[in-house]
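Chemist: Here is a sequence with its predicted model. Questions after.
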Amino acid sequence: MWKTVLALLVTIIVIPILAFTMDEPLTTSQNEILINLLIVYLVAAVLCFLVSTISGNYSQVDKLWSLIPLAYVWMVAVESGFEPRLVLMALLVSAWGLRLSYNFSRRGGYSWKFWTGTEDYRWAVLQAKPEFQARWKWMLFNLFFISLYQMGLILLFTLPAVRSMDGLPLNWPDYLLAALIIFLIVIETVADQQQWNYHKEKIKALATGGEVPEKYKMGFVHTGLWGRMRHPNYAAEQAIWIVFYFFSVVATGSWINWSVMGAILLVLLFWGSSSFSESISAGKHPDYAKYKKRVPRFVPFKF
């Protein structure tokens with residue numbers, strides 16, 4: 001586990017350095033807004049660390065995952081003087097973020113006591129591992145990975161907005177990208193709703209005390225989009241931010257620029273996160289191993 005954490009920390013340092021050195025220098029306006037975004041990031045990361053340490057709830061970053069990108073992208077839009085492309089990007093991120101916040105809220109993620117709320121079950125599983133038994137080790141993990149790394153990643157995958165400033169005029173490819181992101185938001189919404197419905201009905205079936213339908217005996221959602229991909233919501237989430245990067249491609253006329261680093265690191269994070277989730281599911285549900293062999297992880301077909 002520590003090797004994985006160290007590898008991720010190295011990537012979030014090395015990849016941005018390489019990306020920035022290989023691309024064109026930042027313009028004055030890009031440099032100014034980037035400094036402001038970094039200040040917001042550092043304040044948010046430190047607050048997440050402090051609140052999670054004091055409260056014992058380590059899902060503080062999760063609460064901001066769908067909200068702080070809205071602040072980042074709208075800050076860029078304002079700084080740009082509301083360039084049409086930046087406004088379009090900000091509106092798309094707003095639609096993504098508000099929908100994801102609703103899904104997080106109905107699962108008990110938010111509370112008027114902002115430091116409370118349902119915690120991601122994986123943190124408790126991870127905290128119980130032998131390598132994290134010493135409190136100082138968990139605190140370091142919380143500081144560097146949960147707080148600094150994850151909050152840093154959120155900032156990085158929104159940076160195509162910064163790279164798109166002072167770009168080429170808004171054109172038809174921008175509208176095509178916008179339509180694709182809306183489609184992916186719909187896919188993510190359907191996947192989340194199918195998962196919500198499955199677990200809601202499973203709880204009802206178990207509560208009756210009668211014969212539980214075979215569908216719910218398996219214990220995990222495996223039909224609909226989940227019958228085509230093991231993580232359709234994760235797949236759509238990654239795809240949204242990969243497509244978001246291409247706004248900067250249209251704006252600059254260059255296929256590769258430094259803002260691609262966020263999408264790359266997001267894919268790496270979701271690969272590791274989904275592997276950890278699956279190891280837990282396989283331990284709880286005997287049928288998960290068969291499901292895993294039969295259904296691909298992020299794409300609806302096997303290579």
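Modeler: Nice, thanks for sending it over. Numbering: from 1, shown residues only.
Chemist: switch to C-alpha atoms for all contacts and neighbour counts from now on
Modeler: Noted.
Chemist: shouldn't W258 be in contact with L156?
Modeler: No - W258 lies out of contact with L156 (C-alpha atoms under 8 Å); the separation is 9.8 Å.
Chemist: now the host helix or strand of A251: how far from the chain's centre is it?
Modeler: Per DSSP states H and E: A251 is located in helix 232-252. From the chain centre to the centre of helix 232-252 is a distance of 12 Å (C-alpha atoms, centre = their mean, to the nearest Å).
Chemist: what does stretch 168-188 give?
Modeler: Distance, centroid of stretch 168-188 to centroid of chain: 19 Å (C-alpha atoms, centre = their mean).
Chemist: Repeat that for stretch 90-97.
Modeler: Computed by C-alpha atoms, centre = their mean, the separation of stretch 90-97 from the middle of its chain amounts to 14 Å.
Chemist: before we move on, what about stretch 55-65?
Modeler: 13 Å.
Chemist: List the contacts of that stretch.
Modeler: Outside stretch 55-65, the residues within contact range by C-alpha atoms under 8 Å, 6 or more residues apart in numbering are 45, 48, 51-52, 101, 104, 109-110, 115-120, 123, 142, 146-147, 150-151, 154.
Chemist: Where does the prediction get shaky in the stretch 1-150 of the chain?
Modeler: Filtered on pLDDT under 70, the stretch 1-150 of the chain yields the residue ranges 1-22.
Chemist: at 90 what do you get?
Modeler: 1-28, 111-116, 120-122, 124-134 (pLDDT under 90).
Chemist: which residues of it fall in helices?
Modeler: With DSSP state H, counting those that start in this stretch as the definition, the stretch 1-150 of the chain shows helices at residue ranges 2-22, 28-55, 60-65, 68-79, 84-106, 121-127, 135-141, 150-158.
Chemist: could you check the angle helix 150-158 makes with the second one?
Modeler: Compare the direction of helix 28-55 with that of helix 150-158 by axes from the mean of the first three to the mean of the last three C-alpha atoms, to 10 degrees and you get 150 degrees.
Chemist: tell me which residues in helix 28-55 are buried?
Modeler: Using 16 or more other C-alpha atoms under 10 Å as the test for burial, helix 28-55 gives 30, 33-34, 37, 41, 44-45, 48-53.
Chemist: Wait, V76 touches L86, no?
Modeler: Yes - between V76 and L86 there is a contact at 7.3 Å, judged by C-alpha under 8 Å.
Chemist: Check the contact lists of the two and give me the overlap.
Modeler: A161, M165.
Chemist: could the buried residues of helix 28-55 go into TSV alongside distance to W271?
Modeler: Listed next are the buried residues of helix 28-55 as TSV, based on distance: C-alpha to C-alpha, whole Å:
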residue	distance to W271
Q30	31
I33	31
L34	28
L37	27
Y41	24
A44	25
A45	23
C48	24
F49	24
L50	28
V51	27
S52	25
T53	27
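Chemist: And those residues, which two are furthest apart?
Modeler: Spanning the widest gap among the buried residues of helix 28-55 are Q30 and T53, at 34.2 Å by C-alpha to C-alpha.
Chemist: gap between L37 and Q193?
Modeler: Using C-alpha to C-alpha, to the nearest Å, one obtains 33 Å as the distance from L37 to Q193.
Chemist: swap that for L225, please
Modeler: Using C-alpha to C-alpha, L225 is found at 10 Å from Q193.
Chemist: out of these two, which sits in the busier spot?
Modeler: Taking neighbours as other C-alpha atoms under 10 Å, L225 and Q193 compare with L225 leading, 20 against 13.
Chemist: Q195 reaches V221, doesn't it?
Modeler: Yes - applying C-alpha under 8 Å as the test, Q195 and V221 come out as touching, 6.0 Å apart.
Chemist: and which of the buried residues of helix 28-55 is nearest L269?
Modeler: Using C-alpha to C-alpha, A45 comes nearest to L269 of the buried residues of helix 28-55, at 17.5 Å.
Chemist: still on that earlier bit, who are the packing partners of the next helix or strand after the helix holding A251?
Modeler: Downstream of helix 232-252, the first helix or strand assigned by DSSP H and E is helix 261-284. Helices and strands touching helix 261-284, by 3 or more C-alpha pairs under 8 Å, 6 or more residues apart in numbering; DSSP states H and E, are helix 2-22, helix 150-158, helix 232-252, helix 288-294.
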